[in-house]
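Novice: Fold the following.
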Amino acid sequence: MSYTGKILRVNLTTGHSQVEELNKQWAVDYIGGKGLGIKYLYEELAPGVDPLSPDNKLILMTGVFTGTIIPLSGKLAIITKSPATGTILDCSIGGHFAAELKYAGYDAVILEGKATKPSYLYIEDKIVEIRDASELWGQGAQETELILREKINEEIKALAIGPAGENLVTMSCITSEFYRQAGRGGVGAVMGSKNLKAIAVRGSGSISVPNIKQFASSMKEFMQTDILTDTNLWANTDGTALLVDFNQDTGILPTRNFQQGTFDDYQAINSDALKAVRSGKKGCFSCALGCGNYSRAGGSTVEGPEYETLAIGGSNCGIGDLEAIIEFNDLCDNLGMDTISVGNVIAFAMELTEKGIKDFSLRFGDVDAYLKVPGLIAAQEGIGVDLGLGVKKLSEKYGGSDFAMQVKGLEFPGYEPRGSWGMGLAYATSDRGACHMRAWPVAQEAYGDLDAFTVEGKAQLVIELQHYNAVKFSLILCDFWALSLETMGTIVSNLLERTVSEQDLLLVGERVVNLARQFNVREGFSKDNDTLPARIFKETLKTGATKGQVIPLVEFERMLAEYYSLRSWDRDGRPTEAKLQELGIN
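Specialist: The predicted model follows:
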C-alpha cells in the first residue's frame, strides 16, 4: 500500500520518540495531507492554546501519492495553529522532503513540546535523534541546509528556518532545498518556538504500488494526455510570472497597497523580463513540469520570483526594478520569511508614511529603504520590531485599518478583489485568512466568461472551488496540474484498489473545509472575521479595466449570507449540528 501505516511522534521536551499506527479510518475520511493533518491537530490540540507555546503541535503530513511515480505529487503538508492569525494553518512545500520521509517509513511526523536548547531532528529510517544545533542557530535557512549536507550526507533532505523563525516573527516560513517555502501564517515561528532549527531525513525504504506495470502504463498515458498539455505547460515555459500581464490587462494587479489595479512599470517585472535573467530550471520530486525558474541578477540568485512576490513585493510597493525584487526575494528566502506578508507590511508602512499617520521613512518606489526592511524584521531591530507585527496589528497600533489589506490577520495575496468579487468572498471565508489557495475564482471571473462585478452565483462557485482544492491538497497534488475530479478518482481508485468516485472526493473536500471551520469556531472565530478591509467597499479603483469598481458592502453581505446558507452554516457562520453529523465530524 502507498501508506506506510506509521506515524512518528517526537516530544522535543523529553527527547522521547515513538511510532504509532496510522488511524486508518481517518485516512479513509480525510485521505492525507491537508485533511488528515487538520484532523490530527483538531483531535489533539486543546482550544485556546498559545501557538508559540510548547503545547502547540507541528505536523508534517505526506499524502497517499507521496513517493510514487504519480506526477506532481512531491509536496509535503505542514499543519499547526497559526501564530499570525490564531486560526488553523496548513501550508504545503515542494521539493523532495516528503518522498524521503515516506521512504524512511513514516506517513507523518507529529512534533510536540520544546527542546531545552537549539536542536535539529535527524531521521534515518528507525534512527530518530534530537541533535545539538548550537552552531546552526543564527544561520540563514540556506546556510543551515548547506551545513547539514556537509555534516551528515549530501543526499539528506531538510527543512530549516532562518533567523526570523528563531526570533518568533509571525511571518516567518520553513524552507527546503534553499528556495522552496511553506510560507504563510508563521509556521517558521512555531518551529522556532520549539527551539527546532531544522529537520533532516534520509530514507532507504520504498513504496508498494499494486499492479505496477499497469499503473506505470496509465501514468505514462496521463502524462501525455493530461499533464504535458497547453493547459499546464505554461508552468514550464513562463511560470507564474505570466500572471503579471494577465492581471495588468484585467485591472487586478495590486499597486501601491491596493490603491490601484494597474502598474505603469509592469513590463519591467513580467514574464518576458524574468526570462531575460533566467539561468536554469528545476522541478520537484516526480514532477514533469519543472516550474522552478532560477533567476540571477546583481549578486542574488533565487528560484522565482513567483508572481506573488513580483506583485506584492513589486507593484504593490511601487517597485519596478526587477533586480531589486530578486534581491528582496533572496533576502526573505535566507532570513526565512513569507514574501507576501513582508511585501504587504512594507506597502502598508509606505502608505502610513505618505499619509502622515506614522513615519517609517518608507515611500513607494524607494528601493534602498525597501531592501533594508527584511533584515530589520528578521533581526527584530529598528522599524522591524513594528513591521514584524504584520499589517493587522500594525494598524491596531498606529491606525489605517481601512487600508490594512488583511483578513483574520493574514495579508492579501496578489489579486485585487474589486476586479473579482468571488475572490473577495474567497479571501473572507478562507480558513487561514486572506488566501488564494483555498479558492481562485479569478480564473473564471477576471480571465474567464463570468461577470466579475456581480455576486450572482459566486457563493456556489467559491464553495465548489474550496471543496476541489481541499481534496487536491489532501492528495497533495501540485496546484499547477489542472486535473479533473474524474482523473483524481481514477488514480486514487487504482492506487488504493477500491472505487473512489468523484462524489466521494467532493465529500472529503466538504468534510475538510467544515472541520477547518469548526477548529476556527472553537477558537472564537465567527462572521465578524469573514470580512474585507473597508478600502474594498468604499474606495473605487482609478485605472485600467477595473476603474470605478468597489464591492458594495450590501452586496458582499448578501453573497456571504448565501454562502453560509448553501453550506448549511448558521447566520454567524458556524456549521450546524446536522451538517457536522452528516459529515461524520464530532
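Novice: Which residue lies nearest the spatial centre of this protein?
Specialist: Residue closest to the mean C-alpha point of the chain, counted by C-alpha atoms, centre = their mean, is Cys91 at 4.3 Å.
Novice: Please identify the helix or strand for that one.
Specialist: Here Cys91, judged by DSSP states H and E, is contained in strand 88-93.
Novice: Next secondary structure after that strand?
Specialist: Note on strand 88-93: by DSSP H and E, the next helix or strand toward the C-terminus is helix 97-103.
Novice: helices or strands up against that next one?
Specialist: strand 76-81, strand 157-160, strand 196-202 (3 or more C-beta pairs under 8 Å, 6 or more residues apart in numbering; DSSP states H and E). All C-beta spots, glycine's among them, are computed from the backbone N, C-alpha and C.
Novice: following the longest helix anywhere in the chain, which helix or strand comes up?
Specialist: In the chain, with assignment by DSSP state H, the single longest helix is helix 502-522. Using DSSP H and E, the next helix or strand after helix 502-522 towards the C-terminus is helix 534-538.
Novice: who's in contact with that following helix?
Specialist: Under the contact criterion C-beta atoms under 8 Å, 6 or more residues apart in numbering, helix 534-538 has outside partners 258-259, 401-403, 405, 417-418, 424, 550-553, 556.
Novice: likewise stretch 360-368?
Specialist: With C-beta under 8 Å, 6+ apart as the contact definition, stretch 360-368 has outside contacts at 256, 317-321, 324, 346-347, 349-354, 369-370, 373, 383, 386-387.
Novice: That stretch: which residues count as buried?
Specialist: Judged by neighbour count using 16 or more other C-beta atoms under 10 Å, the buried positions of stretch 360-368 are 360, 362, 364, 366-367.
Novice: Go through those and flag which are in strands.
Specialist: Using DSSP state E, no member of the buried residues of stretch 360-368 sits in strands.
Novice: Using CSV, please lay out the residues you listed together with pLDDT and distance to Gly544.
Specialist: What follows is the buried residues of stretch 360-368, written out as CSV (pLDDT from 0 to 100; distance: C-beta to C-beta, whole Å):
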residue, pLDDT, distance to Gly544
Phe360, 98, 28
Leu362, 98, 25
Phe364, 98, 18
Asp366, 98, 24
Val367, 98, 24
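Novice: just to revisit the earlier point, let's see which of the contacts of stretch 360-368 end up in helices.
Specialist: Here DSSP H is the test, and the contacts of stretch 360-368 give 324, 346-347, 349-354, 369-370, 373, 386-387 as lying in helices.
Novice: ok, of the residues you listed, which one's closest to Val471?
Specialist: Checking the ones in helices among the contacts of stretch 360-368 against Val471 by C-beta to C-beta gives Ala347 as the nearest, at 33.8 Å.
Novice: show me what contacts the closest one?
Specialist: Ala347 neighbours (C-beta under 8 Å, 6+ apart): 256-258, 312, 316-318, 364, 405.
Novice: what about 6 Å?
Specialist: 257, 316-317 (C-beta atoms under 6 Å, 6 or more residues apart in numbering).
Novice: which residue ranges form the helices in the stretch 101-250 of the chain?
Specialist: 141-151, 163-166, 187-193, 212-222, 230-237, 242-250 (DSSP state H, counting those that start in this stretch).
Novice: Lys393 is nearest to which of those?
Specialist: Closest to Lys393 of these is helix 187-193 (C-beta to C-beta; 13.8 Å).
Novice: pLDDT on the closest one, on average?
Specialist: Taken as a whole, helix 187-193 has a mean pLDDT of 98.
Novice: which among the contacts of helix 534-538 end up buried?
Specialist: Buried among those (16+ other C-beta under 10 Å): 258-259, 403, 405, 417-418, 424, 550-551, 556.
Novice: got CSV for the residues you listed, with secondary structure too?
Specialist: Shown next, in CSV, are the buried ones among the contacts of helix 534-538 (DSSP: H, G, I helix; E, B strand; the rest coil):
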residue, secondary structure
Phe258, coil
Gln259, coil
Phe403, helix
Met405, coil
Pro417, helix
Arg418, helix
Gly424, helix
Val550, coil
Ile551, coil
Phe556, helix
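Novice: now for these, which pair is the farthest apart?
Specialist: Gln259 and Phe556 (19.5 Å).
Novice: which one among the contacts of helix 534-538 gets closest to Ser395?
Specialist: Ser395 has its nearest neighbour among these in Ser401, at 4.3 Å by C-beta to C-beta.
Novice: Next one: that closest one from Ile156, what distance?
Specialist: Separation of Ser401 from Ile156 (C-beta to C-beta, to the nearest Å) stands at 45 Å.
Novice: Leu389 too?
Specialist: For Leu389, the distance to Ile156 - C-beta to C-beta - is 35 Å.
Novice: Next: Ser271.
Specialist: Remark: distance between Ser271 and Ile156 (C-beta to C-beta) = 34 Å.
Novice: Repeat that for Ile346.
Specialist: For Ile346, the distance to Ile156 equals 35 Å [C-beta to C-beta].
Novice: quick one: which of the two has more around it?
Specialist: Shown here are Ile346 and Ile156; by other C-beta atoms under 10 Å, Ile346 has more neighbours (30 against 21).
Novice: isn't that one right up against Lys372?
Specialist: No - applying C-beta atoms under 6 Å, one finds Ile346 not in contact with Lys372, separated by 10.1 Å.
Novice: still on that earlier bit, which among the buried residues of stretch 360-368 gets closest to Gln224?
Specialist: Val367 (45.5 Å).
Novice: and Glu21, backbone torsions?
Specialist: Per-residue torsions, Glu21: phi -80, psi 140 (degrees, to the nearest 10).
Novice: contact partners of stretch 122-137?
Specialist: Counting by C-beta under 6 Å, 6+ apart, residues outside stretch 122-137 touching it are 15, 17, 104-105, 118-121, 144, 197, 200-202, 204.
Novice: and the two most separated of these?
Specialist: Farthest apart among the contacts of stretch 122-137 by C-beta to C-beta are Pro118 and Ser204. That separation is 28.2 Å.
Novice: Settle it for me: which of the two has more neighbours?
Specialist: Pro118 (18 against 10).
Novice: surely the more buried one meets Leu196?
Specialist: No - Pro118 lies out of contact with Leu196 (C-beta under 6 Å); the separation is 8.3 Å.
Novice: Which parts of the stretch 401-550 of the chain are helices?
Specialist: Applying DSSP H, counting those that start in this stretch to the stretch 401-550 of the chain gives helices spanning 421-429, 458-474, 485-496, 502-522, 534-538.
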